[in-house]
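> compute the structure for the input listed below.
(2 chains)
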Amino acid sequence: MAVSNQEIEHLAELARLNLTADEVSRLSHELGEILKYVDKIKEVADQLKNPSKTAADNHWRADEVKPFTKARELINRAPRLKKNLLVVPPVFED
Amino acid sequence: MSLTELSIQELQAGYQKRDFTVSEVVAEYLKQIDSHDKELGAYLSVWRDEAAAAARELDKKIIGGLEPTGLVGVPMAVKDVLTTEQGVTTAGSKMLAHYRAPYNATAVDKLIQAGVIVLGKTNCDEFAMGSSGENSAFFPTKNPWNKTKVPGGSSSGSAVAVAARLCRAALGTDTGGSIRQPASFSGVVGLKPTYGRVSRYGLIAMTSSLDQVGPLSATVAEAATVLKAIAGLDFKDATSRNKTVPDYNDKLNHSLKGLTVGLPQEFFGKGLSRGSKQVLEKATQTLGELGLKIKHVNLPKSVYGLAAYYIIAPSEISANMARFDGLRFGESTEDRKLFNHYLNTRGRWLGKEVKRRIILGTYVLSAGYYDAYYRQAVKVRQLINQEFSNIFKEVDILACPTTPTVAFSLGEKTADPMAMYLADVNTVPVNIAGLPAISVPAGLYDGLPVGLQLIGAPWEEVKILQVAHQFERARGPWHLPA
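As a prediction, this is how the structure comes out:
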């Protein structure tokens, strides 16, 4: 079951990922191959009698404030900074 | 004999008796890296001066009375998906080619506190996505047993650094086999601990519900020493668990009488190559000679592990990779429009396999497909969990091939992603169920190593380490490639 080029382009847009025309056509073929393989989970999935809501058990800890001293260093990793603010392209445009 | 041949225990005996210094040992490893790593490509960065300086400091402390035990003065390497304050942390990606992390990963911090000398950061598939090391955005790592072969992946550089004596032991990470599979292909020991045993703080996340940090080393005893040092609860990783960390090394020689080992028939089936089968049959015979009771068992659901993995992993990857937006860290384009900025930053600096998994994950999570794929995969994951927990009521450990074949050729599977994925078919079910497992060299076929995988119940690393250690002794000396 192949995934069309159009579908790949739509997914790439959702994932904010620029793909070349070559990459799109290759992925359309490869995704088809991979989906054909993973499809076999459907042979067994319904054998599960009591599906649980979460993949793992929950573990709790006290909600305590712990100091983090490296905020400045984290901000300094940004590609563009103005004082201590991150410079980003405008989110809203006229 | 070169100092790089000495085990952790032998190094420390030597430090104790003042036979040699940490500086001399580190210098010897750096020399070994100089002579061989150009060809092998195990390291992405070597911390030459820092390692030499740390060694000098440690020598002073030893003269001052510091007892060389545990990991004191042991030269190790760290997979480049674990953050370090020193140098760059690239995750094998162009996206992070210049990224300097603000803190050390907890596992790295624990090693440094234990007295380890970090020699550098090792090569890996980009963001740990791959089974051959060929997805590194920088260069592929070569298998020291045969340089036309892949070393396995994604902890390719860590496995080769140990195999070629470019470090004594290394940290790797394992999401679907990324410690055990390269350990098997490269003829070293690789241990994937129970999910929650080792903190992932500072591990650049790939599949958060599966990722785990663990050691690669020349011997089982050394893997046990490293595990002891890095294991335990860490408040910075909410998935790490408050479980007692035993003194693994003290228990390695305990009698194996009364233990039962299960041989899952599905792992010895038609996918297993003839050569590997011969080596594995001899290995399971050895397990019997060690006093273990052998039982043939079936794990029919685990066969679906790889299929579930390639839904669950890409789903989490598509979410985890969203952090690479070119705004907060990493590479960035100059686009003036936000949408184009995202598109182009990610399009330009993420590699093929990363893109493939992001698109696949976006697909299986998207409206209309979520129920058909993701929800079903989660069910299969539960089925596999149940199957393993039932089997561990009958047996203490499971033994099977780590991989269906020995190392394949460089370039052999790069054009066929599905063929590449199948290299992890025997290791993935272990991650799906969060279990501990170790790969230990069992023998050679056609001049290439074959790994025996031992799988344990959750938190029972002790049992697999005991069996692996005693198997290793019964197997006889293992000669790493010259």
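
> the longest helix in chain A is where?
With DSSP state H applied, the helix covering the greatest number of residues in chain A is identified as helix A:21-38.

> okay, the following helix or strand past that helix in PDB with CA atoms only?
Helices and strands here follow DSSP states H and E; after helix A:21-38, the next one along the chain is helix A:71-75. In PDB, the C-alpha atoms belonging to helix A:71-75 read as follows (Å, rounded to 0.1, in the frame of the first residue of the first chain):
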ATOM      1  CA  ALA A  71      19.100  29.200  32.800                       C
ATOM      2  CA  ARG A  72      21.600  31.700  31.400                       C
ATOM      3  CA  GLU A  73      23.600  28.900  29.700                       C
ATOM      4  CA  LEU A  74      20.400  27.400  28.200                       C
ATOM      5  CA  ILE A  75      19.400  30.700  26.700                       C
END
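
> quick one: is helix A:71-75 near chain B?
Yes. On the criterion CB under 8 Å from any CB of the partner chain, helix A:71-75 is in touch with chain B at A:Glu73, A:Leu74. (Each C-beta comes from the backbone N, C-alpha and C, glycine too.)

> partners of whichever helix or strand comes after that helix in the sheet?
On the C-terminal side of helix A:71-75, the nearest following helix or strand under DSSP H and E is strand A:81-82. According to DSSP bridges, strand A:81-82 forms sheet pairs with strand A:85-86 (antiparallel).

> distance from the chain centre to the partner strand, please.
Taking CA atoms, centre = their mean, to the nearest Å, one finds strand A:85-86 lying 24 Å from the centre of the chain it belongs to.

> so which residues of chain B form strands?
B:43-46, B:75-79, B:117-122, B:169-173, B:189-192, B:213-217, B:260-264, B:293-297, B:397-401, B:437-445, B:448-456 (DSSP state E).

> just checking, what packs against the longest helix of chain A?
Applying 3 or more CB pairs under 8 Å, 6 or more residues apart in numbering or on different chains; DSSP states H and E, we find helix A:21-38 packed against helix A:5-14, helix B:305-320, helix B:352-365, helix B:417-421.

> B:Met129: which of the ones you listed is closest?
Distances from B:Met129 to each of these were compared using CB to CB; the shortest belongs to helix B:352-365, at 4.8 Å.

> related to what we said a few turns ago, can you redo the helices and strands packed on helix A:21-38 as CSV with mean neighbour count, distance to A:Glu23 and mean pLDDT?
Compiled in CSV, those are given as follows (neighbours: other CB atoms under 10 Å in any protein chain shown; distance: least, CB to CB, whole Å; pLDDT from 0 to 100):
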stretch, mean neighbour count, distance to A:Glu23, mean pLDDT
helix A:5-14, 17, 8, 97
helix B:305-320, 25, 16, 98
helix B:352-365, 24, 7, 98
helix B:417-421, 19, 13, 95
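
> export the ones you listed as a markdown table, with columns for distance to B:Ala164.
Conversion of these to a markdown table gives the following (distance: least, CB to CB, whole Å):
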| stretch | distance to B:Ala164 |
| --- | --- |
| helix A:5-14 | 40 |
| helix B:305-320 | 30 |
| helix B:352-365 | 25 |
| helix B:417-421 | 24 |
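
> about what we covered before: so which bits of the longest helix of chain A are buried?
Taking 16 or more other CB atoms under 10 Å in any protein chain shown as the neighbour-count basis, helix A:21-38 is seen to contain the buried residues A:Glu23, A:Val24, A:Arg26, A:Leu27, A:Ser28, A:Glu30, A:Leu31, A:Ile34, A:Leu35, A:Val38.

> how about the contacts made by whichever residue of chain A sits closest to chain B?
Closest contact between chain A and chain B, by CB to the nearest CB, is at A:Asn18 (2.7 Å). If a contact means CB atoms under 8 Å, 6 or more residues apart in numbering or on different chains, then A:Asn18 has A:Ala12, B:Leu343, B:Asn344, B:Arg346, B:Gly347, B:Arg348 as its contacts.

> in PyMOL, select just the buried ones from these.
Selecting only the buried members of the contacts of A:Asn18 in PyMOL, with burial defined as 16+ other CB under 10 Å, works like this:
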select buried, (chain A and resi 12) or (chain B and resi 343+344+346+347)
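
> could I get the contacts of A:Asn18 in JSON lines, plus columns for distance to B:Lys295?
Formatted as JSON lines, the contacts of A:Asn18 follow (distance: CB to CB, whole Å):
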{"residue": "A:Ala12", "distance to B:Lys295": "50"}
{"residue": "B:Leu343", "distance to B:Lys295": "55"}
{"residue": "B:Asn344", "distance to B:Lys295": "57"}
{"residue": "B:Arg346", "distance to B:Lys295": "50"}
{"residue": "B:Gly347", "distance to B:Lys295": "52"}
{"residue": "B:Arg348", "distance to B:Lys295": "54"}
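
> which of the contacts of A:Asn18 fall in helices?
Using DSSP H, A:Ala12, B:Leu343, B:Asn344, B:Arg346, B:Gly347, B:Arg348 are the members of these that sit in helices.

> closest to B:Ile230 out of those residues?
Nearest to B:Ile230 out of those is B:Arg346 (CB to CB; 32.3 Å).

> B:Ile432 is nearest to which of the helices and strands packed on helix A:21-38?
Using CB to CB as the measure, helix B:305-320 is the one of these that comes nearest B:Ile432, at 5.0 Å.

> what segments of the stretch 51-200 of chain B are helices?
Taking DSSP state H, counting those that start in this stretch to define them, one finds helices in the stretch 51-200 of chain B at B:106-113, B:156-163, B:180-186.

> what packs against the shortest one?
So the one you mean is helix B:180-186. Helix B:180-186 makes packing contacts with helix B:156-163, strand B:189-192, strand B:437-445, strand B:448-456 when contacts are defined by 3+ CB pairs under 8 Å, 6+ apart.

> got the buried residues for that helix?
When neighbours are counted by 16+ other CB under 10 Å, the buried residues of helix B:180-186 are found to be B:Arg180, B:Gln181, B:Pro182, B:Ala183, B:Ser184, B:Phe185, B:Ser186.

> of all the helices and strands packed on helix B:180-186, which one comes closest to chain A?
Nearest of the helices and strands packed on helix B:180-186 to chain A, taken as CB to the nearest CB: strand B:189-192 at 17.0 Å.

> flag the shaky bits of chain B, pLDDT-wise.
Counting by pLDDT under 70, chain B has no low-confidence residues at all.

> how about it, which residue sits the furthest from its center?
The outermost residue of chain B, judged against the average C-alpha position, is B:Arg336 (40.9 Å), by CA atoms, centre = their mean.

> give the full set of residues in contact with that one.
For B:Arg336, the contacting residues are A:Pro89, by CB under 8 Å, 6+ apart.

> returning to that earlier point: can I get the buried residues of helix B:180-186 in a markdown table including distance to B:Trp459?
Compiled in a markdown table, those are given as follows (distance: CB to CB, whole Å):
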| residue | distance to B:Trp459 |
| --- | --- |
| B:Arg180 | 18 |
| B:Gln181 | 23 |
| B:Pro182 | 25 |
| B:Ala183 | 21 |
| B:Ser184 | 24 |
| B:Phe185 | 28 |
| B:Ser186 | 28 |
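
> state the pair within the residues you listed that is farthest apart.
For the buried residues of helix B:180-186, the farthest-apart pair by CB to CB is B:Arg180 and B:Ser186; their separation is 10.9 Å.

> state the number of residues packed around the closest residue to B:Val26 other than its chain neighbours.
Distance criterion CB to CB, 6 or more residues apart in numbering or on different chains; nearest residue to B:Val26, sequence neighbours excluded, is B:Ala55 at 4.1 Å. B:Ala55 is surrounded by 21 other residues when neighbours are defined as other CB atoms under 10 Å in any protein chain shown.

> any idea how far B:Ala55 is from B:Gly115?
Between B:Ala55 and B:Gly115 the distance, using CB to CB, to the nearest Å, works out to 11 Å.

> not including adjacent chain positions, what is the nearest residue to residue 48?
Using chain A. Excluding the flanking residues, the one nearest A:Leu48 by CB to CB, 6+ apart is B:Lys379, at 4.4 Å.

> chain B was what I was after
Closest residue to B:Arg48 in three dimensions, ignoring its sequence neighbours and counting by CB to CB, 6+ apart: B:Leu30, at 6.0 Å.

> I appreciate the help and will end here.
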